[in-house]
Structure formats: C-alpha cells, structure tokens
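Asks: Here is my input, please return the structure:
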Amino acid sequence: MERLVNVHHNLIGLKKLTAFDQLRENMQKFQALQVKEENKEENKEEEILISSFVNKPAISTYYTPNQLQTAYGMNLIPHSTPLGSGITVAVVIAYSYNKLQNDLNSYCNRYGLPLTTLTIYNMNNSPNSSNTAFTTKNPDWALECCLDIQMIHTMAPGASILVVQAVSASFNDLNNAISYANNHADIISMSWGASESPSDSSEEIYFSNPHICYLASSGDDNYVSYPSSSPHVLSVGGTTLFLNSNGTRSSEETWSYSGCGSSKIFRCPIYQNGVVSNSYRCIPDISLCGNPSSGVVVYCSQYGGWFVVGGSSLSCPLTAGILAVANQFRKLANKPLLNTTQISQSGHVQTFFYKTLYSNKNLYSQNFYDVKKGLDGAFVSKTGYDIATGLGSINANYLCQSLLNA
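Replies: Presented below is the predicted three-dimensional model:
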C-alpha cells in the first residue's frame, strides 16, 4: 500500500461571512485610518504611536490580510515594486481543483489585493505520472490549496505563484510534483506531511536543489511529521496570535496542537548544534499564526464561499511569502537566492537563523518575536529557543533586510 500524507489545516466550522462580519472589518479599517491620522498630527513614527495603545488582548474570530501584514511587519517594509516581485513560489498539492484562480480573484477583490494570474501544472501532464486518468478532485486538498495560495499572496502580492497538482496524496506522487517544482520555483511550500518512517532518509533526494528554499508545516497534532523533520527543510509551526482591539499586534503564545518534537530518523543538523539539547533534529524551526481560533479568512467556492481556517498549513505559506520578499531584495542586490539545503553556501536560511541571528541577543530580538508562553504537548515555551515554537515568530520588517547578509 502506498504511504499517504495528510493536510495540516484545521477548520473552526464553515462560516459564511455575515453583515456583522463586514461591519467589523469596516471598523478595523476605520481604526487603522484613525491611527495613521493621529500619527501625522503628532509627527511620530507609526509603530511608536501604535504601541502606545493599551488594550486588553483578545483572540479574534478571524484575521484579515491587513491584520496579518501588520502583525508581522510587512506593512513597514519599504518597496518600490510589489513585495515578492521577480520570485516564484510553488505550492505542491495533491489532486486537482479548477476554481483556484476564481477563488483567488474573489479573495483579492474583497480585501483590495492586486489580482495575479496563477500558473497551474497538473502532473497528469507528466510522463512520470502514476495515473493516466484525470486527477481526482478532493475537497480537503482544494481547501488546502486555496489557503496556501491566498496566504502567499497576502504576504507577497508581487510574487508569481506556481501550483503543482500531484496525482494523489501518496509520497510517490507528491515527490514527482516536487521534482517538477525543483526546476521552476525559488521557494517550495508544502502544507502536508505524515508520521516519520525509516524510508524518509531515501526521500531526501527531492530536497537537494541548492538554489531553493523548502518549507513544510510541522503538523497539527503534537507529533513529528515528514517532510518537516528533514534537515533540508525549514519547519514551520503554529502559534496563537493576539491582536489589540484596534487591530495591531499584541503578542503570540504557543498553540497547544502544533506539531513539534524530536526526529527519530534524522540526526541533529550542524545548524542546531549548541542550540538544541538533543542529538536529533528538532522541529519546528520557527512558528507563526496557526491556531484556528485566531485563524484567517479564506475563500473556497467548493466549500460554499468564505470560512475561517488555521493550522500549521496557515503558518507555512505565510512564511513562504515572507521569504519571497527576502529573496526579492537579494535578487535586486545581485546575491544568490536563499536556500535550505547547502549549509556551507551563501544564503542558507537555517544557519543564518541559528548561528547568526539567534547567537546575537540584539539581532535576535530585532528579527524574531520570542514566544515565551504556552504548552505544546510535553513541551513548554520559554525565553529563547524551545521545541514548542523553535526560535519564535518573525518580524519581517527586519528579517527581510537582515537576510541580505545571509
């Protein structure tokens, strides 16, 4: 029997957006505008003014693109072209769904994001396909793909998005899709995985392109999953994101159902030496918003429209979008693009995170939001690195600039 993988998203219930939800969004926009106007009057930096608000943190029913951009500092990044321009992010997914472009257009129109044209490649067009029939449709994977695409576009609206549709959710078929993406993308985002197997070490050949960043969600059930546990993949876990009542960032805590722990297959990579107190690879490396109770709005017509979703399937494409912007800056500076495979090569993401940024207290506090509170399975969050959330969450405003020096 072929080994199958699972998607890493969680629903908090299908939710059609109501008139109340629209009013809530309008109020958030008004509050953000009010902050900007006060900022102009007092001639202060916007981020200083926002931080002066003292509001009781509360978990939102859902977060909008503008709130996500603000929470992770994307709104503060100076740019003359759309963020992510010139970079291709591939979403490797199983099965087919023919409404991806229409659903992305609906998402963009609702939230004022620029429209973009997806490139979609179905692996049934490949001679390596294990199935000559048209790829089976699957609602869970359709939902997953909509989430991935819409979150990447939220963070990097200028990036090109390539969707590679595997024939099935088997590792064999998904690996074939990765092989195709290896020749057409700069970043590969994978929001799926399965429990580790001794055979995983033989799968590492698919994560070997020295010019690509591979990202995988860490999972949603307190276990270690592959390909997230691969030393050649950036593992992304989930947090609970708290915003102030005016929509600005408050804090993040550990999400109690995010995938984390120590690999039973892969030894501790060099970049984690001296940081983890373990002889095996530990995941995640970083964590972003994932708790479905503080999830995001996604549009998928197969599910009837708008709904709220979370999971490490959310945090992974958010990170892919952020790294697309960092790659954009490196490309403009004529530097090699980022990678997650070549430890000794310029632009190796994990080495830069652990050995440069984390080893310097000031750089760490600028580039990451340390997640210090919460419990994920048996792992407790604490100051600095911990297995529950890795190095913590991202301050993209600093990190995208810092990665020029990777």
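Asks: Doesn't Leu68 belong to a helix?
Replies: Yes: according to DSSP: H, G, I helix; E, B strand; the rest coil, Leu68 belongs to a helix.
Asks: Surely it is in contact with Ala156?
Replies: No: using CB atoms under 8 Å as the test, Leu68 is too far from Ala156 to be in contact (11.9 Å). Where C-beta positions appear, they are placed from N, C-alpha and C, glycine not excepted.
Asks: ok, these two, which is more surrounded?
Replies: The neighbour comparison of Leu68 against Ala156 (other CB atoms under 10 Å) goes to Ala156, with 30 against 23.
Asks: Do me a favour and get the end-to-end distance for stretch 177-186?
Replies: By CA to CA, to the nearest Å, the extent of stretch 177-186 from end to end equals 15 Å.
Asks: in that stretch, what's buried?
Replies: 177-182, 185-186 (16 or more other CB atoms under 10 Å).
Asks: now the helices for the chain?
Replies: 19-42, 46-51, 65-71, 100-111, 139-155, 171-181, 312-332, 349-351, 361-367, 396-402 (DSSP state H).
Asks: Out of those helices, which is the most enclosed?
Replies: Stretch with highest mean neighbour count among these: helix 312-332 (a mean of 27; mean count of other CB atoms under 10 Å).
Asks: so what does that helix touch, helix or strand wise?
Replies: Using 3 or more CB pairs under 8 Å, 6 or more residues apart in numbering; DSSP states H and E, the elements in contact with helix 312-332 are strand 88-94, helix 139-155, strand 187-190, strand 213-217, strand 234-243, strand 286-289, helix 396-402.
Asks: can you give me the offset of that helix from its chain's centre?
Replies: Taking CA atoms, centre = their mean, to the nearest Å, one finds helix 312-332 lying 8 Å from the centre of the chain it belongs to.
Asks: what's the answer for stretch 388-406, then?
Replies: Distance of stretch 388-406 from the chain centroid (CA atoms, centre = their mean) equals 13 Å.
Asks: Next: stretch 267-282.
Replies: Distance, stretch centre to chain centre, for stretch 267-282: 23 Å (CA atoms, centre = their mean).
Asks: Span of that stretch from start to end?
Replies: 9 Å.
Asks: Stretch 89-103 too?
Replies: Start and end residues of stretch 89-103 are separated by 18 Å (CA to CA).
Asks: which one of the helices of the chain lies closest to Gly304?
Replies: Gly304 sits nearest to helix 139-155 of all these, at 10.6 Å, using CB to CB.
Asks: and that closest one with helix 100-111, angle?
Replies: For helix 139-155 against helix 100-111, the angle by axes from the mean of the first three to the mean of the last three CA atoms, to 10 degrees is 50 degrees.
Asks: Which elements pack onto helix 139-155?
Replies: strand 6-7, helix 65-71, strand 88-94, helix 100-111, strand 160-166, strand 295-300, helix 312-332.
Asks: Give me the contact list for the fourth one.
Replies: For helix 100-111, the external contacting residues (CB atoms under 8 Å, 6 or more residues apart in numbering) are 64-66, 113-118, 120, 145-146, 149-150, 153, 163, 298-301.
Asks: so how far is it off the chain centroid?
Replies: 19 Å.
Asks: do the same with the first one
Replies: Averaged C-alpha coordinates place strand 6-7 at 15 Å from its chain's average position (CA atoms, centre = their mean).
Asks: what pairs with it, and is each one parallel or antiparallel?
Replies: strand 192-195 (antiparallel) (DSSP bridges).
Asks: now could you export just the CA positions of the strand it pairs with as PDB?
Replies: Taking Å, rounded to 0.1, in the frame of the first residue of the first chain, the C-alpha atoms of strand 192-195 are listed here in PDB:
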ATOM      1  CA  TRP A 192       1.200  18.500   4.400                       C
ATOM      2  CA  GLY A 193       3.000  15.600   5.900                       C
ATOM      3  CA  ALA A 194       2.900  12.200   7.600                       C
ATOM      4  CA  SER A 195       4.400  10.500  10.600                       C
END
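Asks: and for it, what are the contacting residues?
Replies: 3-8, 93-94, 144, 169, 171, 174, 216-219, 223-228, 259, 313.
Asks: one more time with 7 Å, if that's ok
Replies: Under the contact criterion CB atoms under 7 Å, 6 or more residues apart in numbering, strand 192-195 has outside partners 3-8, 216-217, 219, 223, 225-228.
Asks: Equivalent analysis for stretch 373-393, please.
Replies: Under CB under 7 Å, 6+ apart, the answer for stretch 373-393 is 222, 237, 239, 252-256, 258, 260-261, 275, 282, 284-288, 353, 358, 368-372.
Asks: Any regions of the stretch 51-200 of the chain where pLDDT drops low?
Replies: Applying pLDDT under 70 to the stretch 51-200 of the chain flags the ranges 51-61, 126-136.
Asks: Try it again at 90.
Replies: By pLDDT under 90, the weakly predicted segments of the stretch 51-200 of the chain are 51-62, 124-140.
Asks: Likewise for the stretch 301-406 of the chain?
Replies: Across the stretch 301-406 of the chain (using pLDDT under 90), the flagged ranges come out as 302-307, 344, 375, 377-378.
Asks: which non-adjacent residue is nearest the residue nearest the centre of the chain?
Replies: In the chain, the C-alpha nearest the mean C-alpha coordinate belongs to Cys316, at 2.4 Å (CA atoms, centre = their mean). Using CB to CB, 6 or more residues apart in numbering and skipping the chain neighbours, the partner closest in space to Cys316 is Ser217 (4.0 Å).
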